[in-house]
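Participant: when you get a sec, could you give me coordinates for this:
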Amino acid sequence: MLFHYHFWTPYVEETEAFYANNGFRISQRIGKYEGDFQTFNPPLAWDDFREKKILFRIIEARKGSINVTFGYGKKILFDHIGFLVSENEQNLICKNAEKMAWDVKKGERRSFITTPYNFRVELQMNTDTIDDLANNIKIKELKLETRMKGLENDLSNLFGKPVDNIISEFGHTVTIKEAVLEGILSSNIVDPNGVRILNNI
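Facilitator: Predicted coordinates:
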């Protein structure tokens, strides 16, 4: 199940505010402060730490079975999409990736596959990364822009079946152009990283 995407962005506070204003719960903030990684989780608000020189590694926003993460980067950079999978599914997908000569980094909780399309695919086995699997709040579809053609076919080979909720268009950048999300508050809005959010009603 497609559940997740991650960006690096100079607009960390703005991105958090965008998703919070659309009904997402900010579940964690981890940043480097005075040389150490520390948590700045809610109930802390930005007014409590905005003046500190914190380099945020990850901020996590959740709603239903959607998990959006972002961290500080000097420029906007799309990093990866994530799928919730079983252990058997993960093993099969990783084997397929190796047959395709795609780099696989396997972990206990999750694995990452590096694609030739300049983004990664996360395979997550733990449902504690989402708030509610049972409801209808989910990522319905992502439209990606890539600098290579053939993504849909490669994802089908990777997963061993069609991946109908990822579509791509050829362009000059690598990013998510549109995200169709069920159960959000607004539609046809654009997040600070250029992702157009559509509400599938």
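Participant: quick check: mean pLDDT of the single longest helix found in the chain?
Facilitator: Of all the segments of type helix in the chain, defined by DSSP state H, the longest one is helix 87-99. Taken as a whole, helix 87-99 carries a mean pLDDT of 96.
Participant: not counting its own residues, what contacts that helix?
Facilitator: Helix 87-99 is contacted from outside by 85, 103-104, 106, 111, 113, 123, 125, 157-160, using CB atoms under 8 Å, 6 or more residues apart in numbering. In short, each C-beta sits where N, CA and C put it, glycine included.
Participant: give me the neighbour count for residue 170.
Facilitator: Using other CB atoms under 10 Å, residue 170 has 11 other residues around it.
Participant: my read: it touches residue 150, true?
Facilitator: No - using CB atoms under 8 Å, residue 170 is not in contact with residue 150; the gap is 9.7 Å.
Participant: returning to that earlier point: pull the most distant pair out of the contacts of helix 87-99.
Facilitator: Farthest pair in the contacts of helix 87-99 (CB to CB) is 125 and 157. Separation: 21.3 Å.
Participant: ok so, going back, can you check the contacts of helix 87-99 and name whichever has the most neighbours?
Facilitator: Counting neighbours by other CB under 10 Å, the top entry in the contacts of helix 87-99 is residue 123, with 25 neighbours.
Participant: show me the contacts for it.
Facilitator: Counted by CB under 8 Å, 6+ apart, residue 123 has contacts 82-83, 85, 89-90, 93-94, 110-113.
Participant: and for residue 184?
Facilitator: Applying CB under 8 Å, 6+ apart, we find residue 184 in contact with 22-23, 63, 137, 197, 199.
Participant: which one of those has the most neighbours?
Facilitator: Of all the contacts of residue 184, the highest neighbour tally under other CB under 10 Å goes to residue 63, namely 24 neighbours.
Participant: neighbours around residue 21, how many?
Facilitator: By other CB under 10 Å, 11 other residues sit near residue 21.
Participant: need phi/psi at the closest residue to it other than its chain neighbours.
Facilitator: Among residues not flanking residue 21 along the chain, residue 185 sits closest, at 7.7 Å (CB to CB, 6 or more residues apart in numbering). For residue 185, the backbone dihedrals (degrees, to the nearest 10) come out as phi -80, psi -30.
Participant: is it true that residue 185 touches residue 23?
Facilitator: Yes - using CB under 8 Å, residue 185 is in contact with residue 23, at 4.8 Å.
Participant: next SSE downstream of the strand or helix carrying residue 140?
Facilitator: Per DSSP states H and E: residue 140 is located in strand 139-146. On the C-terminal side of strand 139-146, the nearest following helix or strand under DSSP H and E is helix 151-159.
Participant: give me the contact list for that following helix.
Facilitator: Helix 151-159 is contacted from outside by 93, 96-97, 100, 102, 113, 115, 117, 121, 144, 162-163, 166-168, using CB under 8 Å, 6+ apart.
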